[in-house]
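Trainee: Let's see this in three dimensions:
(chains A, B and C)
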Amino acid sequence: MSEEIIKDVIVRENEDYIINMGPQHPSTHGVLRFEVCLKGETVKYLIPHIGYIHRGIEKMSEAITYQQVIHLTDRMDYLSAHINNEAVCMVVEEAMQVEVPERVKYIRTILDELNRIASHQLWWCAFGMDLGALTAFFYGLRDREQILDIFEESFGSRLLHSFNTPGGLMHDVHPNFQKRTKEFITYFRKKLPEYDQLLTGNIIFQERAKGVGYMSREKAIAYGVTGPSGRGSNLACDIRKIAPYGAYDKVQFDEILMTEGDTFARYQVRMAEMWESLKIIEQLIDNIPEGDFTAKMKPIIKLPVGEYFKRVETARGELAVYVVSDGNKSPYRVKFRSPNFSNLFVMNELAAGGKIADLVAISGSLDLVIPDIDR
Amino acid sequence: MLNKQELSEIILKMVPEATFPEGTQLTEVIVPAEKILALAEGLKNNKETAFDYLISLTAVDFTTNMTVVYHLDSTQFRHLIVLKVVLTDRENPLVDSVSPVWATAEFHEREVFDLFGIRFNNHPNLKRLFLEDDYGFPLRKDFRDEINIIER
Amino acid sequence: MGIGIKSMEYEDFGDNESLELLKKTGGNVFLSSIDSLLNWGRSNSIWPLTFATSCCGIEMMAAGASRHDFARFGIEVYRASPRQADVIVVAGTIVHKMVPVLKRLYDQMPDPKYVIAMGACAVSGGPFFYNSYSVVRGVDHVIPVDVYIPGCPPRPEALLYGVMQLQRKIKGESISSPTETDTDKLL
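Mentor: Sure, this is the predicted structure:
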């Protein structure tokens, strides 16, 4: 099916050897298939094939209510589930012109940042494991369990919470929430230097990551690469700074930018973001105002006729939600602009000319979650 | 950062047939299908607008027509704009591809072709992305699949 | 006498009756010493294939990490190649485009092989049961399943319980009628 010449520069020669990586592969982090054309050990070009987890979430959303759509957005990028839920909730709240209480904004931002740390921890485990450092897997997951304990105490579920609802939260957080979060901050501040000792300063890891997969700033803009992958190439694209939502305008934090644009730069951006997230949580955790945990909403939500658009910063980039409403209780059309969809297709430009081992390192540093690509 | 008034003036100089609907959340522009490529290049290369980042390219099926919606952003000025192209032909909808202007458009247009059936002229590789070759176009409003969809 | 596992009480296993009935009535099931040796070996070292499509994969990884360690149940390593694996834990949604791939992986595994359907999507289609045009409603439309684990996603402890149930099922087998359950005798 894909036998014809795709672009003018790609020409099949006699020594070309085409292999499939995936869809079942330990390193692709989901069902993604790369059709890789090799000459010896060097990659000439690669073509990603997707669609192995396409569940039709956008079509399903046209038959269910807005509160039910939130449960489906959990399952798109499941490592930033809380942030995905918040995007849909904010679209509905802005369209109905509902003002959420301050308490809700603070709690949503704290949970967003905890979710971001948990997602980066899992990225770190998987990245180390791909490059052969299996110890990183156990260290990261050990610390991630502490965050999941906090989530479980308040919501009852570890991974897919659906705690946000239009107007606020489903119910109030557990009374122990503040104490346990503060304990976690002190615990994790001691553990993060261990991550640097284990992997960042390791000479083998640096040889495999420095200079590999260089992405220039113009290429990042042309392909729409956002999130930590874009910030590793000096592109300032943090939605928390450009269009702040929640309680982000009340905290001080830095946007991490690196100029080298290679795998090691993207790695360093994510490690530094974990420190910044701890700073944000620390500024908010003692000042949560008292109040309601939700604004008053009708049980059946109908948006006024029109089109609405909202962007948030997930752990992987910019998620945009575009809703077209015709006044009914189901949306007429929902489009999720997922960050991983744009981040994936820059792989051909980055991996061409390198070795197979570099391909694994590059796809690990772009931090792809495949159900988000296919929705 | 430019506001809606200034953006409309710049766009009217490039494409005099553009119309601007009122009462929307973001600045919206409706252009005819043959002018979209010229407008895209103009908006990207103009020094005052500098729309170099395509956020998303999607389509909506209003039953009488299909609309292709482009959300644009500028990394320099951070102003947003929405371009819309209205296609009335449902049998063979056709519009120019903007992939020479923004590289990411190539893949968004493949997704629109896969789910809606809208074809793009001069696209480098117009193939389906998620679904099999002989499946219909699921996101159209008149799509029915008796076997696979269990309705509630 | 029940088929037990050391360190867990017989009464703590739910749904024991069908396994006991199977052992009493199905075919020539009698446990000789050869059978008990083989079943002990097979059940205590099940090596799974790395196959995770979506969110349940994260809980499977968490079950293998240090808090809920499942290496102590015999799942020492994950094998990347189906030729070397014993069990395939289908964790995540299966879509029409993925079905030929899954069938081919299952066919490539050598006997005796087992299948665990983990998560609501693999059991019955899960949250995507209604209104989706591409989801297969349950992986047992494609391959025969031994153990179903519900949950969305199931906790790691639920996966461990599912693996223990699979171990009990393996201990009830015999080399004279391997992996064939004679369901007519049950009715």
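Trainee: Find the closest residue to chain C in the stretch 51-200 of chain A.
Mentor: A:Leu141 (3.6 Å; C-beta to the nearest C-beta). Just so you know, the C-beta spots here come from the backbone N, C-alpha and C atoms, and that holds for glycine as well.
Trainee: secondary structure element for that residue?
Mentor: Secondary structure assignment for A:Leu141, by DSSP states H and E: helix A:135-155.
Trainee: tell me the mean pLDDT over that helix?
Mentor: Across helix A:135-155, pLDDT averages out at 90.
Trainee: What are the phi and psi values at the residue sitting furthest away from the middle of chain C?
Mentor: Relative to the centre of chain C, the most outlying C-alpha is that of C:Asn131, 28.7 Å out, by C-alpha atoms, centre = their mean. Note on C:Asn131: backbone dihedrals following degrees, to the nearest 10 are phi 70, psi 10.
Trainee: ok, C:Ala91 - contacts?
Mentor: When contacts are counted by C-beta atoms under 8 Å, 6 or more residues apart in numbering or on different chains, C:Ala91 touches C:51-54, C:56-57, C:59-60, C:118-119, C:122.
Trainee: Report the secondary structure state of the residue nearest the centre of chain C.
Mentor: In chain C, the centroid-proximal residue (C-alpha atoms, centre = their mean) is C:Ile116; its distance is 3.0 Å. Under DSSP: H, G, I helix; E, B strand; the rest coil, C:Ile116 falls in the strand class.
Trainee: Quickly list what it is bridged to.
Mentor: C:Val89, C:Val147 (DSSP bridges).
Trainee: Could you verify that B:Thr75 is part of a strand?
Mentor: No. Using three-state DSSP, the secondary structure at B:Thr75 is coil, not a strand.
Trainee: So it versus A:Met96, what's the distance?
Mentor: 31 Å (C-beta to C-beta, to the nearest Å).
Trainee: How about the contacts made by B:Leu131?
Mentor: Counted by C-beta under 8 Å, 6+ apart, B:Leu131 has contacts A:51, A:54, B:114, B:138, C:97, C:134.
Trainee: near chain C, which residues of the stretch 1-150 of chain A?
Mentor: A:23-26, A:30-31, A:51-56, A:59-60, A:63-64, A:71-72, A:75, A:78-79, A:122, A:125, A:137-138, A:141-142, A:144-145, A:148 (C-beta under 8 Å from any C-beta of the partner chain).
Trainee: what's around B:Asp96, how many residues?
Mentor: By the criterion of other C-beta atoms under 10 Å in any protein chain shown, B:Asp96 has 18 neighbours.
Trainee: residues contacting A:Gly306?
Mentor: A:95, A:325, B:23-25.
Trainee: go again using 10 Å as the cut-off
Mentor: Taking C-beta atoms under 10 Å, 6 or more residues apart in numbering or on different chains, we find A:Gly306 in contact with A:95, A:323-327, B:23-25.
Trainee: Before we move on, what's the pLDDT of it?
Mentor: pLDDT at A:Gly306 comes out at 89.
Trainee: partners of it in the sheet?
Mentor: A:Ser325.
Trainee: how close does it sit to C:Met61?
Mentor: A:Gly306 is 42 Å from C:Met61, by C-beta to C-beta.
Trainee: got the angle for the longest helix along chain A vs helix A:135-155?
Mentor: Determined from DSSP state H, the single longest helix within chain A is helix A:102-130. On the basis of axes from the mean of the first three to the mean of the last three C-alpha atoms, to 10 degrees, helix A:102-130 is oriented at 160 degrees to helix A:135-155.
Trainee: List the buried residues of helix A:102-130.
Mentor: Within helix A:102-130, the residues scored as buried using 16 or more other C-beta atoms under 10 Å in any protein chain shown are A:102-130.
Trainee: for stretch B:114-131, same thing?
Mentor: By neighbour count with 16+ other C-beta under 10 Å, stretch B:114-131 contains the buried residues B:114-118, B:120, B:123, B:128-131.
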